[in-house]
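Asks: Below: sequence and its predicted model.
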Amino acid sequence: MRKRIHILAMGGTIAGKAGDSAATTGYQAGAVGVEELIAAVPQIKDVAEVTGESIAAIDSKDITAEEQLRLAGRVRELLLKGEVDGIVVTHGTDTMEESAYLLDLLHFADKPVVFTGAMRPATALSADGPLNLLDAVRVAASDNARDRGVLVVLNNAIHSARLVTKISTTAVETFQSPNGGAIGAVNDGAVVFYHSAELHHLPGALSISEKLTSQRELPYVPILYGHSDDDGRLIKWAVENGAKGMVYAGMGNGSIPARVETKLAVAVQQGIPVIRASSSACGMVTQAEASYEQAGFIASGWLNPRKARLLLQVSISCSISPADWQKFLA
Ligand code: ASP
């Protein structure tokens, strides 16, 4: 039986329009409708029964928690109704890794949810969107993609939502998984997996997703970016402005300057959880220093600052036990 794949469009460059086909920047993101996106790839009909709907038409740099949770709510509804075999989300690349990871945390089904996008607008010479969309539908329709959580498919590579990050400002090969690598590829239409990434679905994801997708907001958890000569003055501002948790993107192995460490330790004493992450491109953040442990800082493990932030937001919002969420940081 032909697979039923539903496309949820969020906007982004894949739906971008520029005035000139040689232009790969300076375009309007989210200007092309989902029907037009599907029509641009007639081969999709040979792969699956494809339907589509628009959830948003935004440049993903502007996405809010409300929009991310609206998307999560529609995915939840489609999976619970059981009328589709897989879901493809077309999304801007700037925050794709965040929305994909958030949906991965809330995922409760074995059916694939596959994010894709593009680095060149739909109107560009050598636009990468059409093949990315076709590959994403191929992955969503593949039996092999079941039980692998939320996936990100671009440039013929299949990544786990947990491991993937956007590394280049403009290159089509921007999505990489520096810790662990891509988990598969789409080779001339064949969907191949090399290995499985550990899944990060929260225990009780079905009820957690129900709560979050109805409330459609997440607590304020800023990321503070460490740098030389940092004295941590922003910490006080963050606390006074309602931060419910903080992520410090430290140097190297999540190193925190001594002046900042003292202030973050005070925040933890005030009941504000602090995750130590890293601005480095790859590698694990470990406990590293006894003083970090004593202060009660949580090491981000393999998660980059933006994903650590989402995990903390969801955990705070749903009062998830530390044992249930901090295991994802090992
Ligand atoms: N700024 C765009 C967005 O994230 C970039 C893209 O889609 O590639 O929506």
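Replies: That came through, no problem. Numbering: from 1, shown residues only.

Asks: can you list contacts of stretch 316-323?
Replies: 202, 204, 208, 211-212, 215, 218-219, 221, 244-245, 273, 314-315 (Cβ atoms under 8 Å, 6 or more residues apart in numbering). (C-beta placed from N, C-alpha, C; glycine too.)

Asks: One more pass at 7 Å, please.
Replies: For stretch 316-323, contacts defined as Cβ atoms under 7 Å, 6 or more residues apart in numbering pick out 202, 208, 211-212, 218-219, 244-245.

Asks: now do stretch 45-53
Replies: Contact partners of stretch 45-53, identified using Cβ under 7 Å, 6+ apart, comprise 2-9, 34-35, 38, 44, 137-138, 141.

Asks: so how far is the first residue of it from its last?
Replies: One end of stretch 45-53 sits 16 Å from the other (Cα to Cα, to the nearest Å).

Asks: Which residues in that stretch does the neighbour count mark as buried?
Replies: 47-48, 50, 52 (16 or more other Cβ atoms under 10 Å).

Asks: ditto for stretch 142-152
Replies: Neighbour-count burial for stretch 142-152 flags 142, 145, 148-152 (criterion: 16+ other Cβ under 10 Å).

Asks: what's the burial count for the one residue in the chain that gets nearest to the ligand?
Replies: Nearest residue of the chain to the ligand: residue 92, at 2.0 Å (Cβ to the nearest ligand atom). Using other Cβ atoms under 10 Å, residue 92 has 25 other residues around it.

Asks: which one of the buried residues of stretch 45-53 is nearest residue 186?
Replies: Using Cβ to Cβ, residue 47 comes nearest to residue 186 of the buried residues of stretch 45-53, at 11.0 Å.

Asks: How much space separates the residue lying closest to residue 304 once chain neighbours are set aside from residue 280?
Replies: Spatial nearest neighbour of residue 304, excluding adjacent residues (Cβ to Cβ, 6 or more residues apart in numbering): residue 165 at 5.8 Å. For residue 165, the distance to residue 280 equals 12 Å [Cβ to Cβ, to the nearest Å].

Asks: Pairing-wise in the sheet, spell out the partners of the residue nearest to residue 304.
Replies: For residue 165, the beta-bridge partners under DSSP bridges are residue 176.

Asks: now do residue 116
Replies: Counting by DSSP bridges, residue 116 is bridged to residue 90.

Asks: In contact with it, which residues?
Replies: Counting by Cβ under 7 Å, 6+ apart, residue 116 touches 88, 90, 132-133, 136, 153-154.

Asks: 10 Å instead, please
Replies: Applying Cβ atoms under 10 Å, 6 or more residues apart in numbering to residue 116 gives the contacts 7, 12, 14, 88-91, 93, 96, 128-129, 131-137, 139-140, 151-155, 175.

Asks: about what we covered before: now a PyMOL select for only the buried ones of the contacts of stretch 45-53.
Replies: Restricted to buried positions by 16+ other Cβ under 10 Å, the PyMOL selection for these reads:
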select buried, resi 3+5+6+7+8+9+34+38+44+137+138+141
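
Asks: So which of the contacts of stretch 45-53 are in strands?
Replies: 4-9 (DSSP state E).
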